[in-house]
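Engineer: fold the following and give me the result.
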Amino acid sequence: MCLAVPGRVLEIAEKDGTRMATVDFGGVQKEVCLEYLPDLEVGEYAIVHVGFALQRLDEESARQTLELFEQLGMLQEEFGDPWEQAAAQAGPDAPWPFADGPALGGPAAEGPAVAAPQEEAAP
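Structural biologist: Next comes the predicted model:
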């Protein structure tokens, strides 16, 4: 699902000729384009959809909406780690997507194990 989420502008800068902002969505920070709201200032709130600030919003409305989204689990759905979300939906016995890795919470998959690279000791 793709939501329009209220966020607070933390900082504004120009990037490649486009006015951009770092916006806080209840603890999650994302880069957002401000071209539709060129007069938006640091500290103000806006409704953001697919990376674009679309409408200015008062602080109380923004806070109420963020609290409601958090209670409904929609902020995690919108901003959470997609790998974690997919693993949670698949369940603990689902096979790991790679043949050489372990299943999440289940037995190791068949195939060769791949070890993380080790640091070489200095001579």
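
Engineer: buried set for stretch 22-32?
Structural biologist: Within stretch 22-32, the residues that qualify as buried are 22-23, 25-26, 32, counting by 16 or more other CB atoms under 10 Å. In this view, the C-beta of every residue, glycine as well, is placed from N, C-alpha and C.

Engineer: so what does the longest helix seen in the chain touch, helix or strand wise?
Structural biologist: Criterion DSSP state H: the longest helix present in the chain is helix 59-71. Judged by 3 or more CB pairs under 8 Å, 6 or more residues apart in numbering; DSSP states H and E, helix 59-71 is in contact with strand 5-15, strand 45-49, helix 74-79.

Engineer: can you tell me which of those the model trusts least?
Structural biologist: When the helices and strands packed on helix 59-71 are compared by mean pLDDT, helix 74-79 comes last with a mean of 62.

Engineer: give the buried residues for stretch 33-45.
Structural biologist: Buried, per 16+ other CB under 10 Å, within stretch 33-45: 33-34, 37, 40, 44-45.

Engineer: neighbouring contacts of it?
Structural biologist: 6-12, 18-21, 46, 51-59, 61-62 (CB atoms under 8 Å, 6 or more residues apart in numbering).

Engineer: if we can go back for a sec, as PDB, could you dump the C-alpha coordinates of the longest helix of the chain?
Structural biologist: Extracted as PDB, the C-alpha positions of helix 59-71 are listed here (Å, rounded to 0.1, in the frame of the first residue of the first chain):
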ATOM      1  CA  GLU A  59       1.300  20.300  13.400                       C
ATOM      2  CA  GLU A  60      -1.700  19.000  15.400                       C
ATOM      3  CA  SER A  61      -3.300  17.300  12.400                       C
ATOM      4  CA  ALA A  62       0.100  15.800  11.400                       C
ATOM      5  CA  ARG A  63       0.700  14.400  14.900                       C
ATOM      6  CA  GLN A  64      -2.800  12.900  15.200                       C
ATOM      7  CA  THR A  65      -2.400  11.200  11.800                       C
ATOM      8  CA  LEU A  66       1.100   9.900  12.600                       C
ATOM      9  CA  GLU A  67      -0.200   8.500  15.900                       C
ATOM     10  CA  LEU A  68      -3.100   6.800  14.100                       C
ATOM     11  CA  PHE A  69      -0.900   5.300  11.400                       C
ATOM     12  CA  GLU A  70       1.500   4.000  14.100                       C
ATOM     13  CA  GLN A  71      -1.400   2.400  16.000                       C
END
